[in-house]
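>>> Curious how this folds, go ahead:
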Amino acid sequence: AITGLDPAQAASYLEMAGGDVEMAVQLFFSMAEGEPAAVAAGGGGGGGGTAHAGTPAHAALFGSEAAPPPWIEQGFEFSAAPESRCGLLQGKNGPCGVLAAVNAELLAQKGCPPPSAAATEADLRAALAAILWRCASADAPAGAKEQEVVLARWEGAVGGPIVTESFAADGAASVAANLAPLMPALRQKGGVVLLCYACVLTRGVEAVRADVALDNGSGPLIAGPHALCGTELMTLLMAGRARGNVGAYGQDGAKVTPPQTRQAGGRRVAAGGGG
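Modelled structure (predicted):
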């Protein structure tokens with residue numbers, strides 16, 4: 001009665017708010033203040049769509065601004081220096097957060113080797129696949145086997161319109177298999193932007209906005225005079241949800257549940273969050 005939504009839509013907001021009616025109403029109105037929310041999944045069943053400046057997915061990442069040059073020029077390229085072969089190179093200030101999250105995932109999967117250890121394209125593909133699978137499965141019901149994953153590629157020139165395609169995945173391995181044809185584009189200029197689009201679209205634009213609103217954030221995920229990653233984008237990559245609170249306590253003063261961790265080379269590696 002407060003929002004005017006039909007029962008199915010109201011139920012979706014209530015689910016996102018963990019059953020808290022007041023929080024669900026806050027989510028509805030905070031999301032309604034911005035652009036109309038849309039689940040831009042790029043079509044289903046292998047279908048396609050576009051996502052670029054002016055679309056909800058682009059707005060979630062960059063707002064009303066075009067993707068800045070440091071982002072458009074950044075791909076996933078390994079260092080050629082013998083002492084840092086498994087490190088990803090950064091060209092200009094801006095996308096460091098994305099590179100750090102991807103590099104951390106890659107190193108964790110390899111058992112935290114020394115910086116001089118060689119890394120391959122297969123290692124990079126596995127890391128990107130793990131990140132996308134987290135975005136797809138963060139809210140998956142218990143026992144669910146398949147989740148939709150959305151990939152992005154440039155329709156033409158780097159920085160122009162992006163074409164998306166979706167598929168059903170049953171784990172990170174199947175995501176990695178579908179990523180194989182896109183690896184050349186991901187490793188070249190604009191690759192970082194393609195990953196960010198894929199993560200937002202896989203999580204769902206509406207779900208990303210709801211994540212951000214839960215901690216009273218506003219977006220976009222990349223903002224400021226230097227177009228830096230916000231905390232929400234970092235947690236989307238690391239934990240599959242675009243949450244801004246990485247402290248030990250929530251706004252209500254309650255202790256935040258510790259993030260899940262997994263073993264990597266005998267060390268505990270946090271999957272996201274903080275405290």
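
>>> Near residue 139, how many residues? Count them for me, please.
Residue 139 is flanked by 16 other residues according to other C-beta atoms under 10 Å. All C-beta spots, glycine's among them, are computed from the backbone N, C-alpha and C.

>>> Setting aside sequence neighbours, what's the nearest residue to it?
Computed as C-beta to C-beta, 6 or more residues apart in numbering, the closest residue to residue 139 that is not its neighbour in sequence is residue 207, at 7.3 Å.

>>> just the helices in the stretch 151-275 of the chain please.
When assigned using DSSP state H, counting those that start in this stretch, the helices of the stretch 151-275 of the chain occupy the ranges 172-179, 183-187, 191-203, 205-214, 231-239.

>>> Quick one: closest of those to residue 104.
Closest approach to residue 104 among the helices of the stretch 151-275 of the chain is made by helix 231-239 (7.7 Å; C-beta to C-beta).

>>> what separates the closest one from the chain centre, distance-wise?
6 Å (C-alpha atoms, centre = their mean, to the nearest Å).

>>> what's in contact with the lengthiest helix in the chain?
Scanning the chain for the helix with the most residues, using DSSP state H, yields helix 121-137. With C-beta atoms under 8 Å, 6 or more residues apart in numbering as the contact definition, helix 121-137 has outside contacts at 76, 78, 86, 101-103, 105-106, 109-110, 144, 147-149, 151, 169, 171-173, 175-176, 179-180, 183, 186-187, 195, 198-199, 202-203, 236-240, 271.

>>> How about stretch 168-179?
By C-beta under 8 Å, 6+ apart, stretch 168-179 touches 125-126, 128-130, 132-133, 136, 145-149, 151, 167, 186.

>>> So how do I select the buried members of these in PyMOL?
Applying 16 or more other C-beta atoms under 10 Å to those, the buried members can be selected in PyMOL as follows:
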select buried, resi 125+126+128+129+130+132+133+136+147+148+149+151+167+186
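
>>> and which of the contacts of stretch 168-179 is nearest residue 66?
Within the contacts of stretch 168-179, the smallest distance to residue 66 is 20.3 Å, found for residue 186 (C-beta to C-beta).

>>> Derive a ChimeraX selection command for the buried subset of the contacts of helix 121-137.
Applied in ChimeraX, the following selects the buried portion of the contacts of helix 121-137 according to 16+ other C-beta under 10 Å:
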select :76,78,86,101,102,103,105,106,109,110,147,148,149,151,169,172,175,176,179,183,186,195,198,199,202,203,236,237,238,239,240,271
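
>>> related to what we said a few turns ago, can you check the pLDDT for the residue nearest to residue 139?
pLDDT, residue 207: 96.

>>> number of nearby residues for it?
22.

>>> For the stretch 1-150 of the chain, give me the ranges with low pLDDT.
In the predicted model of the stretch 1-150 of the chain, residues 1-6, 8-9, 12-18, 20, 22-53 satisfy pLDDT under 70.

>>> what are the ranges of the strands in it?
With DSSP state E, counting those that start in this stretch as the criterion, the stretch 1-150 of the chain has strands at 48-50, 147-154.
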